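Asks: only the shape, not the letters, is given here:
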């Protein structure tokens, strides 16, 4: 059975993030390209669950998903080759091998390899952008943006017990938690698991629960994705808090100050959806916003 596009995309995004963080990417001048590729894939992945559900009754959408998987598989082949080349160079660099053995491990010209990888990354990004510009993606994105916190009845089956547990936690945390870091009353409840397990669906159920709606002065839903950019997140969360578009040009300090003012004396719920970041420093920077 062929692999579904969503878990394939999730796996690739994770690998891209891991590879892009390696020192060798800086030496080969491909870190920025890999990060851009990861962001593009993440944007497309956001609509894949919906796409795979609907493709059975839509021939054009089925073709779009198939083309997308072809690009993902080519990207996976490229990452396999990239990791293999990086490993070979580590072996050569860290061993006292003879010239003959060193040549065996370094069959490719480093400059030629970097150029070829750069061109292949560019080709994959261009193919993904073409698919992003397709009407099928636009329709899926529009549907997602208009229903980010809406959950279909068919998704609710088997989730009621989990929803009640999370809602109960929210009620306890909201009523009893005092202080927190630097005197702030901030609680965090993580929903952790592999992509496609239904974390977003569960979060939607909690977000729309009547007890939750009645218990919080303000509810906000923020899609994060692989690009955990503090400035972007602070700007978009502030926009949700005040209900208006936030102009460009504000510094992070200004955004944080305005967000603190907007949230002051309010009991708020902020859902951070599709989070991949595990960097504790970035988490601390985000929590500084309130």
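Replies: Looks like it came in fine. Treat the numbers as computed from the prediction; the structure is a model and nothing was measured. Numbering: from 1, shown residues only.
Asks: drop to CA atoms for contacts and neighbour counts, all remaining ones
Replies: OK.
Asks: all helices for the stretch 51-200 of the chain, in order.
Replies: 59-94, 99-105, 110-132, 135-146, 160-176, 199-207 (DSSP state H, counting those that start in this stretch).
Asks: redo those helices as TSV? Include mean pLDDT and mean neighbour count.
Replies: Output for the helices of the stretch 51-200 of the chain, formatted as TSV (pLDDT from 0 to 100; neighbours: other Cα atoms under 10 Å):
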stretch	mean pLDDT	mean neighbour count
helix 59-94	86	16
helix 99-105	48	12
helix 110-132	87	15
helix 135-146	67	14
helix 160-176	82	15
helix 199-207	86	21
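Asks: export those helices to JSON lines and append columns for distance to residue 33.
Replies: Formatted as JSON lines, the helices of the stretch 51-200 of the chain follow (distance: least, Cα to Cα, whole Å):
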{"stretch": "helix 59-94", "distance to residue 33": "13"}
{"stretch": "helix 99-105", "distance to residue 33": "26"}
{"stretch": "helix 110-132", "distance to residue 33": "7"}
{"stretch": "helix 135-146", "distance to residue 33": "22"}
{"stretch": "helix 160-176", "distance to residue 33": "39"}
{"stretch": "helix 199-207", "distance to residue 33": "29"}
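Asks: out of these, which is closest to residue 252?
Replies: Set against residue 252 and scored by Cα to Cα, the helices of the stretch 51-200 of the chain come closest in helix 135-146, at 25.5 Å.
Asks: for the stretch 151-290 of the chain, give me the ranges with low pLDDT.
Replies: 151-158, 174-185, 195-196 (pLDDT under 70).
Asks: go again with 90.
Replies: 151-163, 169-215, 217-233, 235-236, 239-249, 264-266, 273-290 (pLDDT under 90).
Asks: pull the residues that contact stretch 243-259.
Replies: 230-231, 234-239, 241, 288-290 (Cα atoms under 8 Å, 6 or more residues apart in numbering).
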